[in-house]
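S.K.: just to be clear, the model below is a prediction. Sequence and coordinates:
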Amino acid sequence: MATYDVPQEQRLSPRIVVGVSGSLDSLAALHRAVAEARRRPAADMAEVVAVLAWQPPGGEYAQSRYPCPELLDAARSEARRRLLAALDDAFAGIDPGVPLRAELVRGDITEALLACADRSEDLLVVGSGGGWLRRCLRRRVAARLLRRAACPVLVVPKPELQRELERAGSWLPGWLSFAKRPAPLLPEAAARPVGTV
């Protein structure tokens, strides 16, 4: 079982803890967390804590049975890269205007977020979840957080862009070979090379 220890010096100011994975849902949640921090008065400015939880390949059990430090370091580096890429995608290198701290936590996302947002004055912000296959295969993080959190939980709905992309695609996952393919951008006649009939 992983341990989740957040240093005491980081627990002084109000916090808005947001789960980040790099998905459109999590980027919408990150933007909403920053907007919530901006709404607060300057004297009570909340710190936004972006949390990405990661696990070793094969999970903690596989790592304890067959430890591989090189693989663990590679997984940690990839998680750090994903977190920094998500922050870059969200803000494009521009200062969000609020105190922002990125946390990389090893373990289950639900337990990591609960450990980071453990005070009643904290606010926990998460996206509404992935597609139907992901929801079927594992319990939704938002539902687990709503049941167990000691602080208010804000579940951000899917962004409009994600809903449009889902409407334009098929209800079948894209990795199935017979899934609906998107229409070409150009009509077939215009896509032919010049000089052909």
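M.R.: Happy to help now that I have it.

S.K.: so, low pLDDT: which residues of the chain?
M.R.: Along the chain, the parts satisfying pLDDT under 70 run over 1-12, 130-139, 169-197.

S.K.: now the longest helix along it, how far from the centre of its chain.
M.R.: In the chain, with assignment by DSSP state H, the single longest helix is helix 69-91. Taking CA atoms, centre = their mean, to the nearest Å, one finds the center of helix 69-91 at 12 Å from the center of the full chain.

S.K.: so which elements touch it?
M.R.: Other helices and strands packing on helix 69-91, by 3 or more CB pairs under 8 Å, 6 or more residues apart in numbering; DSSP states H and E, are helix 24-39, strand 47-54, strand 100-106. Every residue, glycine included, has its C-beta placed from N, CA and C.

S.K.: quick one: it to strand 47-54, angle?
M.R.: On the basis of axes from the mean of the first three to the mean of the last three CA atoms, to 10 degrees, helix 69-91 is oriented at 140 degrees to strand 47-54.

S.K.: contacts for helix 69-91?
M.R.: Helix 69-91 is contacted by residues 20-22, 26-27, 30-31, 50, 52, 54-57, 63, 100, 102, 104, 106 when judged by CB atoms under 8 Å, 6 or more residues apart in numbering.

S.K.: what subset of the residues you listed is buried?
M.R.: For the contacts of helix 69-91, a burial check counting by 16 or more other CB atoms under 10 Å picks out 20-22, 26-27, 30-31, 50, 52, 54-56, 63, 100, 104, 106.

S.K.: what is the most widely separated pair among the residues you listed?
M.R.: The span of these, defined through CB to CB, is set by 31 and 63 at 33.6 Å.

S.K.: just checking, residue 118 touches residue 150?
M.R.: Yes. At 6.0 Å, residue 118 and residue 150 qualify as touching, with contact defined as CB atoms under 8 Å.

S.K.: just put the helices and strands packed on helix 69-91 in CSV and tack on distance to residue 94.
M.R.: Shown next, in CSV, are these (distance: least, CB to CB, whole Å):
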stretch, distance to residue 94
helix 24-39, 11
strand 47-54, 14
strand 100-106, 11
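
S.K.: burial count for residue 87?
M.R.: Around residue 87 sit 20 other residues, with neighbours defined as other CB atoms under 10 Å.

S.K.: oh, I was asking about residue 66
M.R.: When neighbours are counted by other CB under 10 Å, residue 66 comes out with 9.

S.K.: show me what contacts residue 36?
M.R.: Contact analysis of residue 36 by CB under 8 Å, 6+ apart lists 16, 46, 123, 125, 154.

S.K.: using CSV, write out every CA atom in the helix or strand residue 60 falls within.
M.R.: Using DSSP states H and E, residue 60 falls within helix 59-65. The C-alpha trace of helix 59-65 is given here as CSV (Å, rounded to 0.1, in the frame of the first residue of the first chain):
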residue,chain,number,x,y,z
GLY,A,59,1.1,-2.0,-10.1
GLU,A,60,2.5,-1.9,-6.7
TYR,A,61,2.2,-5.7,-6.3
ALA,A,62,4.4,-6.4,-9.3
GLN,A,63,6.9,-3.8,-8.2
SER,A,64,7.2,-5.4,-4.7
ARG,A,65,7.5,-8.9,-6.2
